[in-house]
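Participant: Quick one, structure for this:
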Amino acid sequence: MPERMRLPQAGVRDTAAYVSEVLAPNVAKGVIIRRPAVVGMAQRMGLDRRAVRRLQHMRDKYGRGPVHIPLPLRPQAVILAPEHAHRVLDNTPEPFAAAETMKKAALKHFEPKMVLISHGAERAERRRINEEVLQSACPVHSLAEPFLRVVDEEAAALSARVERQSVLDWDAYIGAWYRVVRRVVLGDSARDDHELTHMLGDLRAHANWAFARPIDTRLRERFLRRLRTHLERAESGSLAEVLAHIPKNEHSAALMQVPQYLFAFDPAGMASFRALALIAAHPEQAERAQAEIRERGAGDLPFLRACVLESLRLWPTTPVVLRETTTETEWENGVMPAGTTVIIVAPYFHRDDRNLEYADRFAPDIWLRERTEQDWPLIPFSGGPAYCPARNLVLMLTSNMLAALLKDKDIQQEPNVFLDARRALPATLDNYSLSFTLRPR
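Facilitator: Residues are numbered from 1 along each chain as shown. Purely as a prediction, here's the structure:
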């Protein structure tokens, strides 16, 4: 490699196309909280499919990358090769820091000391706190029994509502899911604290604008005071109880870690609701789900977990993974400067039909074996040392929510959004417009 050779740089036309077809649609949909109208438009216009095609075109033109995107203010580079995606994720936080500049600007609106925007000793301590509370290394959380009881209770209440209204739509589902989340994270007394969820939603909407909107410090403080009141109760059978008993130091910022739990469970609701759509559209897989529910009941449900993971592969709730270089890094095709924002576009890898024969179909079996670093990068929960510490807990709760709703019931899609198992699945799925009927078997 010639000395000091820089990464290949996208030309003016390719940069404009990248901005209009990859960057702008993801920003418009909402990076921190989705904008339903834009998600619906993205589905109708096939915007996510166009983003995948744009990145495939860039790989054809510029090679395996990374490719420098000459945008103002900050250097950016997009990852195009699977081994490069693994390299970036596996080498977080050094030299690829998770605390990327735009991410920090967004998350400071509601969680300014969260682990995702921390570095060094502070990140290490906050990561420890999160891993211990969420029990990242454990397939089953020690509080699985009370958590699953919460899921059963809220699913039963939701099923009763569906029987009265004859349809399961997004509003009904997410309302029940938020009650699960508040009870799991904060305890039963938080079940009906809709105001807490609304405040967080407002702060997340502000965060979509990152630098472009001043931080509403009054609203943030009101939200954090209300959250602190719940955490101080440390209710039995909640994550708040676990957090209360974990040793802390001056770097812990324990309170600031909890908004992320409430935040991250929102996309989990989107993923599980879309998983219902996949199951409804695939009768053979629906029968596999029913067989697993009959045989296993609740708890460890590997097939339903795989359905949620497939939902996240097909429609990632974190479509763009950001890192920032802390030092200059060398690549086969050039040098990447320190301070570069490194961009991994998950749908590009998840839906790359040139390399994945299952790219556009429902393939839950790919998740029923252990994946390794040699596998194509599928990153529904990110990867490497900064992978989502709530992965196992989220999959346990979502799979059991699906089981509780589907038990002894046939699910059918309503015609407003109809997935066809005989055709390529859409690159965007508007969860806000989905609805189903559930009928006793």
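Participant: pull the CA atoms of the helix or strand hosting Lys103 into CSV?
Facilitator: Using DSSP states H and E, Lys103 sits within helix 101-107. Output in CSV follows, covering the C-alpha atoms of helix 101-107 (Å, rounded to 0.1, in the frame of the first residue of the first chain):
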residue,chain,number,x,y,z
THR,A,101,-20.3,12.5,18.1
MET,A,102,-23.8,12.6,16.5
LYS,A,103,-24.9,9.8,18.8
LYS,A,104,-23.7,11.8,21.8
ALA,A,105,-25.6,14.9,20.6
ALA,A,106,-28.8,12.9,20.3
LEU,A,107,-28.7,10.8,23.5
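Participant: What segments of the stretch 251-400 of the chain are helices?
Facilitator: Listed in chain order, the helices of the stretch 251-400 of the chain (DSSP state H, counting those that start in this stretch) span 254-281, 283-296, 302-314, 346-350, 391-406.
Participant: any idea how far the longest one is from the chain center?
Facilitator: I take that to be helix 254-281. With CA atoms, centre = their mean, to the nearest Å as the basis, helix 254-281 stands 7 Å off its chain's centre.
Participant: Could you pull out the strands in the protein for me?
Facilitator: Along the chain, counting by DSSP state E, strands occupy 67-69, 76-78, 96-97, 168-169, 320-325, 329-331, 334-336, 341-345, 409-413, 435-440.
Participant: Which other helices and strands does the first one contact?
Facilitator: Translated: strand 67-69. On a contact count with 3 or more CB pairs under 8 Å, 6 or more residues apart in numbering; DSSP states H and E, strand 67-69 meets strand 76-78. C-betas here are computed from N, CA, C, even on glycine.
Participant: What residues does Arg361 make contact with?
Facilitator: Each residue near Arg361 by CB atoms under 8 Å, 6 or more residues apart in numbering is listed here: Ala421, Ala424, Leu425.
Participant: Nearest to Val88 among the helices of the stretch 251-400 of the chain would be which one?
Facilitator: Among those, helix 346-350 comes nearest to Val88, with 12.0 Å by CB to CB.
Participant: Give the other helices and strands that that closest one contacts.
Facilitator: In terms of contacts (3+ CB pairs under 8 Å, 6+ apart), helix 346-350 is packed against helix 47-62.
Participant: Tell me what angle the helix it packs on forms with strand 320-325.
Facilitator: For helix 47-62 against strand 320-325, the angle by axes from the mean of the first three to the mean of the last three CA atoms, to 10 degrees is 40 degrees.
Participant: Extract the C-alpha set from helix 47-62 and format it as PDB.
Facilitator: These are the backbone C-alpha positions of helix 47-62, laid out as PDB (Å, rounded to 0.1, in the frame of the first residue of the first chain):
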ATOM      1  CA  LEU A  47     -36.700   3.500   0.200                       C
ATOM      2  CA  ASP A  48     -34.800   0.900   2.200                       C
ATOM      3  CA  ARG A  49     -34.500  -1.300  -0.900                       C
ATOM      4  CA  ARG A  50     -33.000   1.700  -2.700                       C
ATOM      5  CA  ALA A  51     -30.500   2.200   0.100                       C
ATOM      6  CA  VAL A  52     -29.300  -1.400  -0.300                       C
ATOM      7  CA  ARG A  53     -29.000  -1.000  -4.100                       C
ATOM      8  CA  ARG A  54     -27.000   2.200  -3.600                       C
ATOM      9  CA  LEU A  55     -24.500   0.600  -1.400                       C
ATOM     10  CA  GLN A  56     -24.200  -2.400  -3.700                       C
ATOM     11  CA  HIS A  57     -23.500   0.100  -6.500                       C
ATOM     12  CA  MET A  58     -20.800   1.800  -4.400                       C
ATOM     13  CA  ARG A  59     -19.100  -1.500  -3.700                       C
ATOM     14  CA  ASP A  60     -19.100  -2.300  -7.500                       C
ATOM     15  CA  LYS A  61     -17.600   1.100  -8.200                       C
ATOM     16  CA  TYR A  62     -15.100   1.600  -5.300                       C
END
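Participant: How far off centre is stretch 25-40?
Facilitator: Distance, stretch centre to chain centre, for stretch 25-40: 14 Å (CA atoms, centre = their mean).
Participant: Run through who's touching that stretch.
Facilitator: The contact list for stretch 25-40 (CB under 8 Å, 6+ apart) reads 42, 47-48, 50-51, 106-107, 109, 201, 204-205, 207-208, 210, 263, 266, 270, 319-320, 428, 430-433.
Participant: just to revisit the earlier point, need the helices of the stretch 251-400 of the chain in CSV (columns: mean neighbour count and mean pLDDT).
Facilitator: Converted to CSV, the helices of the stretch 251-400 of the chain look like this (neighbours: other CB atoms under 10 Å; pLDDT from 0 to 100):
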stretch, mean neighbour count, mean pLDDT
helix 254-281, 22, 96
helix 283-296, 15, 96
helix 302-314, 25, 98
helix 346-350, 24, 98
helix 391-406, 24, 98
